Structures are given as C-alpha cells and as structure tokens.
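Chemist: could you look at this predicted model? Sequence included:
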Amino acid sequence: MLRILLFVGCIAANLTAFTVKSTAQCMSYPVSFTERVNNAQSLLLGNVIIQHCYKDAKGNIYTLNKVAVDAWIKNQTTSDEVYVITLGGIIGNQAQISFPAVQLKKGDRYFFALENNNTSVDDKTIRSQWPGIIQSMPYADAQGAWLYQYGKYHDVFTEGALTEAELLQRITAIAGHVAKKPNGASYIPVSYNGKPEGTADVTAIAPNPTDAGTVDPTDYLTITGTGFGSSPGTVSFANADNGGSTQVTPPNTSDYISWTDNTIVVKVPSGNSSNAGSGFVTVNGIFSSPSSLTVRYNHISINSNFSGFPSATRQRYYLRNLDGQGGYTFTYNTGFASNTAAVASFERGLNTWTCNTQINWRTSGTTFSAYADDDENVVLFDASLPSGVLARATSRFLAGATGVCNLDNTVWWLKEIDVQARPDGSGVTWQFGPALATGAQYDFETVLLHELGHAHGLGHRIAFGQLMNYAVSNATNIRTPAAQEIQGGLDKMAYSIVPTCFNPTNSGTQMIAKSCPFPVKLVSFTGELKKYGTALNWKTITEINTDRFEVQRSLNNSNEFVAIGNVKAKGNSVTETAYQFIDAGVQKGTNYYRLKIMDKDGHYEYSSVVAVKVADVVTTLTVYPNPVRNELNIVSATKASVNIVDASGKLVRRLQLNVGNNKIDVSPLSNGLYYLTGKDILQRIKLMVMH
C-alpha cells in the first residue's frame with residue numbers, strides 16, 4: 001500500500017523543525033509487526049529533541065534526529081540518547097524531498113524499531129565527536145517509527161493504534177522483551193488523560209473545497225466561530241499521509257495569516273512537513289468543524305527561511321527547462337534498461353502525465369549512475385530500498401536570490417529527479433503490464449505513475465481509489481489521474497511555463513509545455529457485462545490524425561490479446577467523443593480488454609486493460625464482418641430468431657439461427673444501414689452492407 005509524503009524538517013543551521021507524522025509511506029507494502037520486532041536491532045521509546053541536516057558522500061541530504069530515550073525495549077544500553085537518521089531536508093538553498101521516507105517532528109514522542117548502527121550514511125561530524133552514540137535508520141522506514149498522539153501510538157498498517165501499555169504487552173508476547181529505563185530500572189507505561197475540554201465553537205469553514213500547499217490567498221482557509229482566544233493557537237487537519245488517522249498542523253508560524261477570538265485565516269498545510277487531506281478541521285485540539293473539509297489537490301511546497309526570511313515561510317517551486325528541450329530528460333540505469341516491460345510501463349506513465357498536464361518529460365540513453373545528487377535524472381532498480389518500500393521518488397531543489405523579485409527575492413526550482421524501484425522478486429511481485437495486476441502482484445505502472453505525480457509536484461490526497469491517495473494495495477490498477485489531480489498538475493504547469501522574475505544560475509528557463517505524444521487523449525475506458533455481451537465504452541477529449549480503435553480481448557491476462565473488432569475514430573477533435581463496442585462472444589471466466597489506438601500514419605498505442613467477469617456464457621450473437629459485402633457470419637450460442645430491418649424499421653428478412661456459425665447471403669440487399677432485431681436480441685445490432 002502507498003503512503004506518506006515525507007520531508008525532513010530542518011532549515012539551514014538554525015535547526016528549526018517541521019511538522020510531520022511518521023505514517024505509512026506512499027508506495028510501501030506491509031511488514032508484519034513480528035518481523036519488525038524480531039529483525040530490528042533496537043526497540044525504544046523516546047522524544048525528538050534536536051534536529052539538523054547534513055549530506056552523505058553522494059550529496060544526499062539526511063536529517064539527524066536526536067532522541068531522548070525514556071525506555072529501551074530490545075538491546076538495552078545505558079545511553080539516554082540515540083540519533084535517528086531520516087531521509088531528506090533543507091540546507092541553506094538546497095532541499096531534498098523523497099517519497100516515501102519517514103519524517104519526524106521535534107517535540108513529538110515515538111516508538112522506534114531501529115536498524116543496526118549505520119556507518120555508511122551517518123553524520124561523520126557527530127560520529128567523530130560522540131562515537132559511542134548510535135546513529136541508525138528506522139527498520140522498514142515509516143513502519144519503524146510510530147507517532148504518539150492522543151494517547152496512542154499509530155502504526156501505518158497492521159497494528160492500528162495502541163496505548164503504550166498495549167504496545168509493550170504486544171512486544172513482550174512476541175519476543176519476551178521488557179521495557180526498562182536507561183539506568184536499568186523498571187519502566188511504567190505513560191497514561192493519557194484525554195483531550196482538554198472547552199466552550200468554543202467552530203461554525204463555518206471556507207472555501208470548501210480548497211487546495212493545500214498553494215500560495216494563492218483564495219485557497220487559504222477562513223474558520224469562523226467563537227472562543228478561539230486572542231492569541232494564536234493551533235489548527236489541525238486530517239493527515240493526508242495516513243488517511244487521517246492522525247492530525248497535522250501548519251509547520252510555520254507564518255502560515256497563520258490572522259487569529260482573533262472568532263476568525264482564523266490559515267494556510268492549508270503541505271510540502272516539506274505536514275500534509276493536509278480531506279477531513280474535519282480542529283482548533284486548539286478541541287473544537288471541530290461542523291463539516292468535513294475537501295482538499296482537491298496538494299501542491300508540495302518548500303518551507304524555508306532562505307533568503308532573507310525572518311522565519312520559515314511557505315514558498316512554491318518551479319518546474320524548469322533544464323535539458324534544453326523544454327523540461328527534464330530521464331536516463332535509465334543499465335539494469336533498469338534491460339527490463340523492456342518495466343521501461344514500457346515507465347514511459348506509459350510519463351506519457352499519461354504529459355497527455356493530461358503537458359509536463360515536459362522525456363527519456364534518453366542509459367547510465368551506470370545510481371541514487372545520488374549528480375544532476376542526472378536516473379530511473380533504476382535498487383535493492384537497497386528499505387524493507388516495506390516498493391518505490392521512491394526523490395526530488396532535489398535549489399534556490400537563488402536577487403534584488404528584483406518578490407517573496408524576499410527568492411526563486412526555488414526543481415533541479416533533479418531520481419526514481420528507484422524495488423527489483424522484482426525482492427519481497428514483491430510486479431505486474432509490468434499492459435496486463436492488469438492480480439492476486440499478490442503490485443501494478444508497476446500504478447506505482448511509478450504515483451511517484452511521477454510526486455515528481456510533478458503533487459502531494460498526497462485522502463481519496464480512496466484515486467492515484468494520489470496515500471495508499472494503494474496489491475492487485476490495484478490505477479493508471480489514470482483523477483480530475484482533481486490533473487487540475488493540480490495543470491495549475492503547477494500554469495506558473496512553471498511563464499518566466500520567473502529572474503533566472504538563477506544553472507536554473508535554465510521556464511518549462512515549455514509539451515504536446516501529447518498519443519494520437520488520442522483517452523479519458524475513460526470501461527467494460528460492463530450485459531445480457532447481450534460486454535459493453536465496452538470509452539471517451540476521448542482530443543484526437544489528432546486518429547484512424548481507428550482496434551478492440552482486443554484476452555482470456556488469461558497476458559500479452560496474448562486477439563483483435564475482435566474495429567471502431568472508426570472521429571479523426572481530429574478537441575471535444576469529448578464517446579464510443580461503444582459490444583463483444584457478443586464473451587467467455588465464461590474473466591475477459592480482459594484493451595484498445596489498440598491507431599493513427600493514420602500507422603503508429604499506435606495501447607490503452608489500459610479492463611477486466612469483466614462472466615459467471616455464465618452469455619446467450620447472444622457475434623456478427624462479422626461488419627461492414628459486410630456479400631456473406632455475413634452470425635455466431636449464436638443458442639437457437640434464435642432474428643430479423644433484418646432497414647434504417648426506417650421496415651422488415652427485410654427473417655432468419656432462424658442454429659447454434660454456432662450461421663452464414664447468411666446478403667448480396668440481394670442494397671447498400672446501406674440495417675439492423676438485426678428480435679426477441680432474442682436485447683439490443684439491436686447495427687449492420688452496414690457495402691457491396
């Protein structure tokens with residue numbers, strides 16, 4: 001399943017922290033609690049007290065979180081401190097956001113399941129000063145760091161929410177470990193006294209729906225009511241990174257535009273910290289909104305004090321023309337390039353976003369480079385991804401400043417994207433497509449399309465069954481962004497394709513919108529079982545030089561598709577066009593369908609695959625060829641009576657069909673349109689005679 005957006009929270013050298021809840025990450029899969037307990041090197045309870053960011057030898061940014069240990073549960077030491085390493089952060093005018101990667105908040109309490117002491121990506125300066133203190137990463141990424149909120153620790157998958165006593169009892173039952181203080185004394189679990197009570201009331205929130213992470217004041221949320229207090233408190237939102245099981249607050253004091261006893265104006269949080277999703281809004285942890293807030297989309301923002309800001313402030317970043325061709329060029333690591341099915345799946349994902357939002361992405365060549373800050377956009381299989389992580393997208397940013405801009409003279413831009421995927425068979429089974437994922441398979445196209453959504457600049461939503469929802473499971477196939485996600489991408493492009501107030505060094509120029517490489521912009525393709533067969537329906541909103549749609553069917557969800565018919569395309573159009581094809585020859589079991597979209601130059605692309613389950617063979621007719629010249633074939637599953645009528649409804653001929661194929665001489669019929677009708681046909685079949 002997929003989950004949390006991540007960004008670590010330190011700003012330059014002032015060690016200011018961001019708000020984030022450690023939850024399951026986007027494109028993760030469940031790791032059992034038993035595995036985490038048994039395989040983690042250390043288990044402990046503690047509070048994050050200090051954070052700072054640093055780089056490893058490859059230029060990757062990490063955050064070092066100093067944790068004050070209250071209790072050791074496994075592999076106890078006498079140390080009352082430990083350093084937890086998390087991926088991502090901000091150092092001056094450089095930033096890194098990775099999806100997924102656990103993120104912690106200064107001041108919050110966690111249960112940690114940690115890996116071994118890490119001497120590979122640790123902070124070498126801290127290591128040299130305090131060599132005896134553990135520096136370690138959470139085991140299974142976000143699944144190894146449980147946030148304590150409202151009296152419970154929150155697991156992202158299997159365990160739900162547990163009180164501290166329940167958590168410790170669960171660990172003892174699995175492995176016999178008992179919690180002890182660093183000095184060896186017995187540890188007593190903390191108790192929770194419940195939320196405070198108050199008399200305030202939230203009467204309205206507006207606008208609703210709205211968008212998160214933008215710098216557009218019309219998206220800021222106005223909360224009206226009574227009893228909020230004259231001094232700023234906190235506004236909490238449903239956490240988009242875990243489906244709302246915890247709450248997040250705006251990471252910056254500057255996110256609170258105004259606060260009075262009866263009116264609050266606040267930016268809906270997003271970016272390198274908290275990510276708000278659809279759900280109820282709470283004031284001061286007590287007073288909830290009368291209705292749920294709908295967040296249409298979530299723009300990733302950068303919360304930084306560079307350059308000249310007195311404190312951390314929300315800033316949007318820009319997509320740029322960095323490859324001289326209008327945008328960004330991805331290069332395949334040689335190991336990834338050897339898997340042609342994976343390459344085809346990734347490129348379908350690129351094209352899907354391009355066709356929907358005109359983002360300028362392309363691929364070219366191969367490289368031996370891997371995951372590093374090297375100004376190369378690499379796509380690779382990476383066995384070093386943490387247990388539980390299916391794939392990860394890392395975006396790296398730079399900022400420049402001058403004396404002629406607004407926003408304190410700062411421009412942030414996306415300078416590099418790396419996309420990592422777990423190798424097939426290393427804990428997961430991929431379906432690379434174009435067939436659909438079933439059973440225990442994870443759909444590669446869905447996962448990579450989601451990660452490319454993050455690379456596009458979109459954070460998570462709470463929208464089950466849609467692409468940028470925080471979680472996806474095996475056997476789930478979501479290969480088209482939802483309308484709200486497309487709008488988020490279009491809005492990102494809208495300000496990325498216009499000139500910025502200046503072009504910082506090495507930032508290129510504004511992105512150039514890219515036209516859709518497909519002959520057709522297909523917005524939907526569905527299949528529904530009827531009494532007369534499978535009704536396949538699809539819609540386009542753009543067609544360029546399109547010739548026809550070849551309808552293909554498979555009975556085993558493989559690449560063994562066979563053509564069962566053709567539908568003539570409109571050809572050239574910028575308006576919505578609906579098409580339908582009836583498959584009267586469905587088979588018992590699951591029937592898989594796809595469209596081969598052909599243009600007039602002979603080029604083609606395949607649609608996604610739809611599956612239709614058939615409990616019993618449908619009693620109906622298959623008619624071919626259509627149009628017909630002289631001899632018509634009608635395949636019938638039963639004996640049937642059928643009439644041929646002309647376009648005016650006049651009876652032309654009566655037919656008595658036998659089971660199987662019936663050859664009908666239509667040479668006496670004049671050229672024109674006819675229909676097959678009758679009591680054994682629930683929907684008349686169009687027939688074109690052309691001698």
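Modeler: Thanks, I have the structure now.
Chemist: could you find the closest non-adjacent residue to residue 546?
Modeler: Of all residues not flanking residue 546 in the chain, residue 569 sits nearest, at 3.9 Å (Cβ to Cβ, 6 or more residues apart in numbering). Glycine gets a C-beta too; all of them are placed from N, C-alpha and C.
Chemist: export only the CA atoms of the helix or strand where residue 536 lies, formatted as PDB.
Modeler: Using DSSP states H and E, residue 536 maps to strand 533-543. Extracted in PDB, the C-alpha atoms of strand 533-543 (Å, rounded to 0.1, in the frame of the first residue of the first chain):
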ATOM      1  CA  GLY A 533     -22.500  -9.400 -24.100                       C
ATOM      2  CA  THR A 534     -19.800  -7.000 -22.800                       C
ATOM      3  CA  ALA A 535     -20.500  -3.300 -23.400                       C
ATOM      4  CA  LEU A 536     -17.100  -1.500 -23.800                       C
ATOM      5  CA  ASN A 537     -17.300   2.300 -23.600                       C
ATOM      6  CA  TRP A 538     -14.600   4.900 -24.000                       C
ATOM      7  CA  LYS A 539     -14.300   8.600 -24.300                       C
ATOM      8  CA  THR A 540     -11.700  10.900 -25.900                       C
ATOM      9  CA  ILE A 541     -11.300  14.600 -25.500                       C
ATOM     10  CA  THR A 542      -8.600  15.100 -28.000                       C
ATOM     11  CA  GLU A 543      -7.900  13.200 -31.300                       C
END
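Chemist: give the buried residues for that strand.
Modeler: Neighbour counts using 16 or more other Cβ atoms under 10 Å place 533, 534, 535, 536, 538, 540, 541, 542, 543 of strand 533-543 among the buried residues.
Chemist: same thing with stretch 645-661?
Modeler: Residues of stretch 645-661 classed as buried by neighbour count (16+ other Cβ under 10 Å): 645, 655, 657.
Chemist: wait, doesn't the last one sit right on residue 641?
Modeler: Meaning residue 657. Yes: with contact defined as Cβ atoms under 8 Å, residue 657 reaches residue 641; the gap is 7.5 Å.
Chemist: count the residues that sit near residue 445.
Modeler: Applying other Cβ atoms under 10 Å, we find 26 residues neighbouring residue 445.
Chemist: the domain parsing of this protein - what is it?
Modeler: The chain breaks down by automatic domain parsing into domains covering 33-149+151-175, 201-315, 318-510, 520-614, 621-689.
Chemist: and the ones you listed: which comes nearest residue 187?
Modeler: domain 33-149+151-175 (4.1 Å; Cβ to Cβ).
Chemist: chain center to that closest one: distance?
Modeler: The chain centre lies 25 Å from the centre of domain 33-149+151-175; the measure is Cα atoms, centre = their mean, to the nearest Å.
Chemist: between the two ends of it, what distance do you get?
Modeler: Taking Cα to Cα, to the nearest Å, domain 33-149+151-175 runs 11 Å from one end to the other.
Chemist: mean confidence (pLDDT) on that domain, please.
Modeler: Taken as a whole, domain 33-149+151-175 has an average pLDDT of 94.
Chemist: do stretch 563-572 as well
Modeler: Stretch 563-572 comes out at a mean pLDDT of 87.
Chemist: in that stretch, what counts as buried?
Modeler: For stretch 563-572, by 16+ other Cβ under 10 Å, it's 564, 565, 566, 569.
Chemist: redo the buried residues of strand 533-543 as JSON lines? Include pLDDT and distance to residue 130.
Modeler: As requested, these are exported to JSON lines (pLDDT from 0 to 100; distance: Cβ to Cβ, whole Å):
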{"residue": "533", "pLDDT": "75", "distance to residue 130": "72"}
{"residue": "534", "pLDDT": "86", "distance to residue 130": "67"}
{"residue": "535", "pLDDT": "87", "distance to residue 130": "68"}
{"residue": "536", "pLDDT": "93", "distance to residue 130": "65"}
{"residue": "538", "pLDDT": "94", "distance to residue 130": "62"}
{"residue": "540", "pLDDT": "89", "distance to residue 130": "62"}
{"residue": "541", "pLDDT": "81", "distance to residue 130": "60"}
{"residue": "542", "pLDDT": "77", "distance to residue 130": "60"}
{"residue": "543", "pLDDT": "80", "distance to residue 130": "65"}
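Chemist: in the residues you listed, find the pair that's most separated.
Modeler: Of all the pairs that those form, the one spanning the most space (Cβ to Cβ) is 533 and 542, at 29.0 Å.
Chemist: from residue 637, how far out is the nearest residue to residue 555 once chain neighbours are set aside?
Modeler: In this structure, residue 555 finds its nearest non-sequential neighbour in residue 587, 5.8 Å apart by Cβ to Cβ, 6+ apart. To residue 637, residue 587 is 11 Å away according to Cβ to Cβ, to the nearest Å.
Chemist: look at these two and report which has more neighbours.
Modeler: residue 637 (17 against 12).
Chemist: ok, residue 209 touching residue 296?
Modeler: Yes: contact criterion Cβ under 8 Å: residue 209 and residue 296 qualify, at 5.0 Å.
Chemist: higher neighbour count, these two?
Modeler: The neighbour count for residue 209 versus residue 296, taken as other Cβ under 10 Å, is higher for residue 296 (19 against 12).
Chemist: packing partners for the helix or strand hosting residue 35?
Modeler: Per DSSP H and E: residue 35 is located in helix 33-39. Under the contact criterion of 3 or more Cβ pairs under 8 Å, 6 or more residues apart in numbering; DSSP states H and E, helix 33-39 touches helix 164-175.
Chemist: low-confidence ranges in the stretch 401-550 of the chain?
Modeler: Within the stretch 401-550 of the chain, the segments meeting pLDDT under 70 span 403-408, 517-519, 531-532.
Chemist: tell me where it has helices.
Modeler: Ranges of helices within the stretch 401-550 of the chain are 444-456, 483-496, based on DSSP state H, counting those that start in this stretch.
Chemist: quick one, the shortest one and helix 483-496 angle?
Modeler: For the pair helix 444-456 and helix 483-496, the angle between their directions (axes from the mean of the first three to the mean of the last three Cα atoms, to 10 degrees) equals 40 degrees.
Chemist: of the buried residues of stretch 645-661, closest to residue 300?
Modeler: residue 645 (59.6 Å).
Chemist: report the beta-bridge partners for the closest one.
Modeler: On the basis of DSSP bridges, residue 645 is bridged to residue 651, residue 675.
Chemist: okay, the helices of the stretch 401-550 of the chain, which one's buried deepest?
Modeler: helix 444-456 (a mean of 26; mean count of other Cβ atoms under 10 Å).
Chemist: chain center to it, what's the gap?
Modeler: Centroid separation for helix 444-456 versus its chain: 6 Å, with Cα atoms, centre = their mean.
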